[in-house]
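**Q** Could you work out the structure for the sequence below:
(one chain, ligands or ions: 1)
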Amino acid sequence: MRVLYVLFIVPFIAFSTSHAYYPKGMKVYKKMCIDCHGSPFRGAKMHTIYEWESIRDASSTPTITAHQGQKEALDALNSDYFTPKREEDLYKFLIGNAKDSGAVPGCDGNYCGSSN
Ligand code: HEC
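**A** A predicted model of the protein is given here:
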C-alpha cells in the first residue's frame with residue numbers, strides 16, 4: 001500500500017511546476033478545513049501569501065486565533081490530530097498555493113481549468 005502511494009505521489013511532484021502542492025499540508029487541510037472552507041486549492045486562495053504569513057505569525061495557535069467566536073470551528077480544531085507540526089505543514093500548503101502564489105492547479109500547458 002505504501003509503495004503504491006509513493007508511485008503515485010512521486011510523479012505528481014516531479015511533473016508539477018513547483019513543489020507548492022505540498023501533499024502533507026494538503027492532507028491536513030482535507031481533514032481539518034474542507035467541510036467549512038471547500039476544496040484545498042480554493043481554501044488556499046482565500047488569502048495572499050502575505051496574509052497567510054500574517055495569520056500564521058499572529059500567535060502560536062494561529063488557526064484557533066483566526067476562529068475566535070466561531071464555536072463550531074473551535075470545536076473541530078480542538079482535535080488530537082491537529083498537532084503544531086501538522087498545523088505548520090498546513091500553512092506551508094496554504095502559503096504555497098495562496099492567491100498570489102502563481103500556483104495554478106489543473107494546467108497541462110495548453111489548458112488551464114478553473115483555478116477556483
Ligand atoms: C466548523 C467549520 C470550520 C472549520 C472546520 C474551519 N473553519 Fe475557518 N472559519 C469558519 C468560519 C465560520 C469563519 C468565519 C467566517 C468567515 O470568515 O468565513 C472562519 C474563518 C477562518 C479564517 C479567518 C477569516 C478569513 O477569511 O481569513 C481563516 C484564515 C480560516 N477560517 C482558516 C481555516 C483553516 C486553515 C481551517 C482548517 C485548519 C479552518 N479554517 C477550519 C469555519 C470553519
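**Q** and after the worst-scoring helix or strand of the chain on mean pLDDT, which helix or strand comes next?
**A** Across the helices and strands of the chain, mean confidence by mean pLDDT, DSSP states H and E is lowest for helix 2-15: a mean of 56. Note on helix 2-15: by DSSP states H and E, the next helix or strand toward the C-terminus is helix 23-32.
**Q** Which elements pack onto that following helix?
**A** Counting contacts by 3 or more C-beta pairs under 8 Å, 6 or more residues apart in numbering; DSSP states H and E, helix 23-32 is packed against helix 2-15, helix 40-44, helix 84-96. Quick note: C-beta positions are derived from backbone N, CA and C, even for glycine.
**Q** Can you tell me what sits against the shortest one?
**A** Put plainly, it is helix 40-44. Here helix 40-44 makes contact (C-beta atoms under 8 Å, 6 or more residues apart in numbering) with 26, 29-30, 33-34, 37, 52, 93-94, 96-99, 101, 103, 105, 115-116.
**Q** go on, stretch 24-39?
**A** Stretch 24-39 is contacted by residues 40, 43-44, 46, 63, 72-73, 76-77, 79, 81-82, 86-87, 89-94, 96 when judged by C-beta under 8 Å, 6+ apart.
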